[in-house]
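**Q** Sequence first, then the predicted structure, then my questions.
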Amino acid sequence: MKTLAFSVALLWSVALFFSATTPNGYGVGDAADDFSLKNVDGSMVSLADYKDVKGFIIVFTCNHCPYAQLYEQRIIDLHKKYKPKGFPVIAINPNSPLIVEEDSFEEMVKRAKAKRYPFNYLFDEEQTVYTRFGATRTPHVFVLDINHVVRYIGSIDDYPESHYAVKNRYVENAVDALLRGENPEPDFTRAIGCTIKKKP
C-alpha cells in the first residue's frame, strides 16, 4: 500500500506538470463519431448497440496504471448509479501491450472477470479511438449526450487517492446536470493519470 501511495504521489506531480489544458481531439460541443471495438466477451461493441440511453460515460482506462486501479471501484459505482438513469459506462483500454504486457486483451479479460466489471471493457487495439477523442491519460473521461455530443471532458473527481476525501465529483455533477436538462459546470477539467502508452 505504501508503494502504491508513493507511486501515485509521484505520478500526480508529474501529471500536474505535463497535463495539457485542452484536448487534441474532440472538444466540448463536438459530436463524437461512433466506433466498433472488441469487448472482453469477444463481441464487437459500438455506441449504436446501446438502446434507450440518454448518453454515455466513456472512460479511457487500463489494467496497470495506479490511477486506473484507484478509480476502478468508482468507475464501477458510476455505472451502477447511472446506467439505470440512461448513462452507462463504456470503459476503453487505449494502451499498447507492446509497451505494457499487463494491458493486453487477455489480461483485460482476466481483470474484468476478477473485478466483476458490470460494464463493457473495450480494447482500442489499433489506437485510433483514443486519438480521435484526444484522450491523454488513464483514466480520462468523456461524457456524451444522447446525440453523441461531448458535454464534459476530464477527471472523475478531484482526489484520486481516496474517494473519502473527494470534494468535487465532476462526472457525477456533469451527468446530473444533463439529466436536469442543464449544461455541466465545469464542462472541462484536467485529466490526471498515467500517460497512454502508444505503440512504436
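**A** That came in fine, so what should we check first?

**Q** In the chain, what residue spans correspond to helices?
**A** Applying DSSP state H to the chain gives helices spanning 2-18, 66-82, 105-114, 129-133, 170-179.

**Q** mind checking which of the ones you listed is nearest V143?
**A** Nearest of the helices of the chain to V143, taken as C-beta to C-beta: helix 170-179 at 5.0 Å. C-beta here means a position set from N, CA and C on the backbone, and glycine is covered the same way.

**Q** who are the neighbours of that closest one, in terms of helices and strands?
**A** In this structure, helix 170-179 packs against strand 55-60, helix 66-82, strand 140-145, strand 150-154, with contacts taken as 3 or more C-beta pairs under 8 Å, 6 or more residues apart in numbering; DSSP states H and E.

**Q** quick one: which of those is nearest I192?
**A** Between those, helix 66-82 lies closest to I192; by C-beta to C-beta that is 6.9 Å.

**Q** so what's the residue nearest the centre of the chain up against?
**A** Note on the chain: the residue nearest the mean C-alpha position is V59, at 1.6 Å, using C-alpha atoms, centre = their mean. V59 makes contacts with I75, L78, V89, I90, A91, I92, P139, H140, V141, I156, as judged by C-beta atoms under 8 Å, 6 or more residues apart in numbering.

**Q** my guess is the first one contacts I90, does it?
**A** No - counting by C-beta atoms under 8 Å, I90 is not a contact partner of I75; they are 10.5 Å apart.

**Q** tell me, what's touching those two both at once?
**A** Here I75 and I90 have V59, F119 as joint contacts, going by C-beta under 8 Å, 6+ apart.

**Q** Isn't N39 up against F119?
**A** No - counting by C-beta under 8 Å, N39 stays clear of F119, with 9.7 Å between them.

**Q** Could you give the number of residues near G29?
**A** Residues contacting G29 under the criterion other C-beta atoms under 10 Å number 9.

**Q** hang on, I meant I99
**A** When neighbours are counted by other C-beta under 10 Å, I99 registers 13.

**Q** ditto for Y170
**A** For Y170, the tally of surrounding residues (other C-beta under 10 Å) stands at 22.
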